[in-house]
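Q: Sequence first, then the predicted structure:
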Amino acid sequence: MNKRGFLRSAGALGIGLALTGLRDAFASVGSVAPSDLAQDEAFWAGIRAKYRLKPDYINLENGYYSIQPQEVLESFITRVREINMEGSYYMRTRRIDDKLAVRTRLARAAGCSPEELIITRNTTESLDTVIAGFDWKAGDEAVMAEQDYGAMLDMFELQARRYGMVNRRVSLPLDPSSDDEIVELYAAALTPRTRLLMIGHMVNITGHILPVRKIVDMAHARNVQVMVDGAHAFAQLDFRIPDLGCDYYGASLHKWLGANLGAGILYVRKDRVASLWPMFAESGVADTDIAKLNHTGTHPVHTDLAIMNALDFHDAIGIARKEARLRFLQSYWTSKVRGLPKIVLNTPRDPKRSCAIANVGVAGIEPRDLAKTLLDRHRIWTVAINTANVRGTRITPHLYTSVAELDTFVAALKQIAAAA
Ligand SMILES: Cc1ncc(COP(=O)(O)O)c(C=O)c1O
């Protein structure tokens with residue numbers, strides 16, 4: 001069958017991954033506990049081989065977005081070609097059904113109903129849709145943290161300028177002693193005028209995982225809705241969105257799911273859909289239908305479709321194994337440097353409060369100089385963070401990161417600290 005015939009009969013969703021070797025590899029370790037498998041370097045070397053990596057540097061800056069496994073990337077490129085060949089025929093005959101199928105599978109991964117989830121371009125679009133969708137009145141209040149992502153903080157400021165609503169920012173501690181410390185911090189910032197609380201599921205500059213459910217329960221008891229920034233948590237941590245109890249959840253799929261650039265999700269709890277104003281109008285869609293928030297005009301549909309293949313790879317590995325390996329990699333290097341002279345870890349020490357991401361500074365060295373030295377002298381790529389109470393470089397390994405690479409990083413860090 002030629003490609004056109006294939007598309008017609010199977011739909012563009014029909015392009016699957018062979019995942020050669022991967023399924024067998026996981027079948028052979030099926031009974032191994034994720035925490036044990038996390039430490040099996042030979043096994044993860046097989047996963048690393050699925051990626052095409054640049055030999056010029058060790059990439060410890062995987063928080064921006066994920067490099068895709070070759071097979072996932074190739075399936076995306078195939079989809080680009082197919083959509084180009086089909087022209088409007090595809091758009092007019094299959095697009096809507098195919099997108100619904102992707103949305104349905106994503107909803108399964110998120111543990112929610114497809115009626116509560118839409119595909120967006122990224123976390124920014126998802127969360128800004130909610131922030132701008134509120135009917136803010138002068139004097140209304142919103143609460144967030146100064147460690148939250150800049151684009152969302154800016155979007156709240158825009159609403160303040162436009163409607164006279166008021167933003168209150170808390171500052172998160174770097175190493176909390178308990179969940180209650182965080183819950184109380186947010187509780188103290190709420191007032192009878194607070195309508196929306198934004199919290200990060202995982203703070204991007206430190207890797208700090210917040211006790212989302214406890215914060216949500218506290219806020220709901222005070223009649224405050226909660227929006228969660230899940231940019232880094234979705235497909236890195238093993239959870240279901242409804243179990244968090246939140247009203248809104250946004251994430252980027254090009255981060256930890258390893259989808260192609262420009263893919264995200266927005267979850268809106270069913271009973272919250274009706275009161276949000278959409279950014280773009282679409283007649284004929286009910287106010288209670290989440291699709292009203294998703295009228296994006298003509299856009300790169302191959303991006304939506306290829307999410308399926310990122311999910312294939314992700315599912316073959318399994319979220320429990322993925323989370324365990326990522327947490328192991330982070331704790332492997334942090335445990336070797338925590339407490340050493342001049343080394344400042346900006347990530348909580350309690351293992352349940354972090355996963356892949358951590359942040360480290362060296363006393364007496366500016367973050368940007370630390371990142372530059374790591375790259376220039378040691379060929380290690382990281383990103384400098386110097387905002388709020390966080391001064392250091394963010395270190396983010398990925399599934400393809402090896403322990404040997406982390407040993408190189410630890411040796412470099414010790415050398416830099418000794419010379420500081
Ligand atoms: C916590 C957090 N929120 C939101 C975003 C925005 O993600 P995107 O650029 O994919 O919209 C990021 C990006 O790094 C982030 O780290």
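A: That came through fine.
Q: a helix runs through Tyr249, doesn't it?
A: No. Tyr249 is assigned strand when assessed by DSSP: H, G, I helix; E, B strand; the rest coil, not a helix.
Q: Which residues does it form beta bridges with?
A: Counting by DSSP bridges, Tyr249 is bridged to Val228, Tyr267.
Q: Quick check: it vs the ligand, distance?
A: Distance of Tyr249 to the ligand, computed by C-beta to the nearest ligand atom, to the nearest Å: 12 Å. Using the backbone N, CA and C atoms, a C-beta is placed for each residue, glycine as well.
Q: OK, contacts around that residue?
A: Tyr249 makes contact with 110, 201, 227-228, 230, 234, 241, 265-267, according to C-beta atoms under 8 Å, 6 or more residues apart in numbering.
Q: Among those, give me the pair with the biggest separation.
A: The span of the contacts of Tyr249, defined through C-beta to C-beta, is set by Ala110 and Met227 at 15.3 Å.
Q: out of these two, which sits in the busier spot?
A: A count of neighbours by other C-beta atoms under 10 Å puts Met227 above the other of Ala110 and Met227, at 26 against 22.
Q: The ligand versus that one, what's the distance?
A: From Met227 to the ligand the distance is 11 Å (C-beta to the nearest ligand atom).
Q: How about Pro242?
A: As judged by C-beta to the nearest ligand atom, Pro242 and the ligand stand 21 Å apart.
Q: doesn't Asp98 make contact with Leu305?
A: Yes. The criterion here is C-beta atoms under 8 Å, and Leu305 meets it with Asp98 at 6.0 Å.
Q: Between the two, which is the more surrounded one?
A: Leu305 (27 against 19).
Q: Can you classify that one by secondary structure?
A: Once three-state DSSP is applied, Leu305 turns out helix.
Q: Need the per-residue pLDDT for it.
A: Leu305 is assigned 96 on the pLDDT scale.
Q: burial measure for Val410, as a count.
A: Val410: 17 neighbours (other C-beta under 10 Å).
Q: and it, what pLDDT?
A: On the pLDDT scale, Val410 is placed at 98.
Q: Mind telling me what element the nearest residue to it once chain neighbours are set aside is part of?
A: Nearest non-adjacent residue to Val410, counting by C-beta to C-beta, 6 or more residues apart in numbering: Lys336, 4.9 Å away. Here Lys336, judged by DSSP states H and E, is contained in helix 319-337.
Q: Tell me the helices and strands packed up against that helix.
A: Packing partners of helix 319-337 (3 or more C-beta pairs under 8 Å, 6 or more residues apart in numbering; DSSP states H and E): helix 34-37, strand 343-345, strand 358-362, helix 403-419.
Q: now it against helix 403-419, angle please.
A: 30 degrees (axes from the mean of the first three to the mean of the last three C-alpha atoms, to 10 degrees).
Q: Could you save the helices and strands packed on helix 319-337 as CSV and add columns showing distance to the ligand?
A: Shown next, in CSV, are the helices and strands packed on helix 319-337 (distance: least, C-beta to the nearest ligand atom, whole Å):
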stretch, distance to the ligand
helix 34-37, 25
strand 343-345, 19
strand 358-362, 12
helix 403-419, 21
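Q: Arg377 is nearest to which of those?
A: Taking C-beta to C-beta, helix 403-419 is the member of the helices and strands packed on helix 319-337 nearest to Arg377, at 7.4 Å.
Q: contacts for the closest one?
A: 41, 58, 60, 329, 332-333, 336-337, 340-343, 360, 362, 365, 370, 373-374, 377-378, 380, 395, 397.
Q: which parts of stretch 92-112 are buried?
A: Neighbour counts over stretch 92-112 (16 or more other C-beta atoms under 10 Å) mark 94-95, 98-99, 101-103, 105-107, 109-110, 112 as buried.
Q: any idea which of those residues is the one closest to Ile118?
A: Looking across the buried residues of stretch 92-112 and measuring by C-beta to C-beta, the closest to Ile118 is Arg103, at 6.9 Å.
Q: Hmm, the closest one is touching Glu116, no?
A: No. Applying C-beta under 8 Å, one finds Arg103 not in contact with Glu116, separated by 10.2 Å.
Q: distance between the ends of stretch 393-403?
A: End-to-end distance for stretch 393-403, by C-alpha to C-alpha, to the nearest Å: 19 Å.
Q: buried subset of the contacts of helix 403-419?
A: Buried members of the contacts of helix 403-419, counted by 16+ other C-beta under 10 Å: 58, 60, 329, 332-333, 336-337, 342-343, 360, 362, 365, 370, 373-374, 378, 380, 395, 397.
Q: Flag every residue of the protein that's near the ligand.
A: 122-124, 149, 151, 200, 204, 229, 231-232, 252 (C-beta under 6 Å from any ligand atom).
Q: ok, of the residues you listed, which come out buried?
A: Buried among these (16+ other C-beta under 10 Å): 122-124, 149, 200, 204, 229, 231-232, 252.
Q: Those residues in helices, which ones?
A: 123-124 (DSSP state H).
Q: Any chance of the buried ones among the residues of the chain next to the ligand in TSV with pLDDT as columns?
A: Formatted as TSV, those follow (pLDDT from 0 to 100):
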residue	pLDDT
Asn122	98
Thr123	98
Thr124	98
Tyr149	98
Gly200	98
Asn204	97
Asp229	98
Ala231	98
His232	98
Ser252	98
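Q: now, the most widely separated pair of the buried ones among the residues of the chain next to the ligand?
A: Going by C-beta to C-beta, the pair spanning those furthest: Asn122 and Gly200, at 15.4 Å.
Q: pretty sure Phe43 is touching Asp36, no?
A: No. Counting by C-beta under 8 Å, Phe43 stays clear of Asp36, with 10.1 Å between them.
Q: Who has more neighbours out of those two?
A: Phe43 (17 against 11).
Q: The more buried one and the ligand: what is the separation?
A: From Phe43 over to the ligand the distance is 29 Å, taken as C-beta to the nearest ligand atom.
Q: for whichever strand or helix holds that residue, what is the average pLDDT?
A: Assigned by DSSP H and E, Phe43 falls within helix 41-48. Averaging pLDDT along helix 41-48 yields 95.
Q: just the angle between that helix and helix 403-419, please?
A: Inter-element angle recorded for helix 41-48 and helix 403-419: 100 degrees (by the same axes, to 10 degrees).
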